[in-house]
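**Student:** can't give you the sequence, but here's the structure:
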């Protein structure tokens, strides 16, 4: 939910050692990243990475106030990009996006239980992912398989925002 040191350097969230390399590897497997997971300047195609906050204290996670302050920027990005799929990474991003973009109560979401599943949002789908540093190889495989078989296989040009056509 906050920029990593690598992201602060290269301007691309979810880069750098640990969780960033995991995310880059996952999206590389899906065909959205054309550079190695440890690239200092990743070659990202047709996907947009962002965080809940734009700035943070380097020794702690973001506070509620910092998340609330950055919320208009995140929502403006989402409206401007008009994505078909949003991947909230971790419990807090899932809860924050749930408030704005679903009809479920935020406390009804559990990223552990909903990792690698699809949740209908308002005009797009949420596909939650556990924190990259907490993912097992099986959970990574489940996420990639779910996106490939159940999400990316559909033609969103015809069905964006509709259950079926």
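**Tutor:** Nice, thanks for sending it over. Just so it is clear, the structure is predicted and the values come from calculations on it, not from any experiment.
**Student:** how close does residue 21 get to residue 154?
**Tutor:** Taking Cβ to Cβ, to the nearest Å as the measure, residue 21 falls 29 Å from residue 154. C-beta coordinates here come from the backbone N, C-alpha and C atoms, glycine included.
**Student:** right, I mislabeled it, should have said residue 118
**Tutor:** Between residue 118 and residue 154 the computed distance is 10 Å (Cβ to Cβ).
**Student:** Which one of residue 21 and residue 154 is surrounded by more residues?
**Tutor:** Neighbours were counted for residue 21 and for residue 154 using other Cβ atoms under 10 Å; residue 21 has more, 19 against 13.
**Student:** Find the residue closest to that one in space, skipping its chain neighbours.
**Tutor:** When the adjacent residues along the chain are set aside, residue 21 lies closest to residue 37, with 4.2 Å between them (Cβ to Cβ, 6 or more residues apart in numbering).
**Student:** Residue 48 too?
**Tutor:** Using Cβ to Cβ, 6+ apart and skipping residues adjacent in sequence, the residue nearest residue 48 is residue 81, 5.6 Å away.
**Student:** what about the one you found, how many neighbours?
**Tutor:** Other residues within reach of residue 81 by the criterion other Cβ under 10 Å amount to 11.
**Student:** Contacts only, for the spatially most central residue of the chain.
**Tutor:** What sits nearest the mean C-alpha location of the chain, by Cα atoms, centre = their mean, is residue 87, with 3.2 Å. The contact partners of residue 87, taken as Cβ atoms under 8 Å, 6 or more residues apart in numbering, are 126-129.
**Student:** Repeat that for residue 137.
**Tutor:** By Cβ under 8 Å, 6+ apart, the contact list for residue 137 is empty.
**Student:** what do you get for residue 70?
**Tutor:** 52-54, 62.
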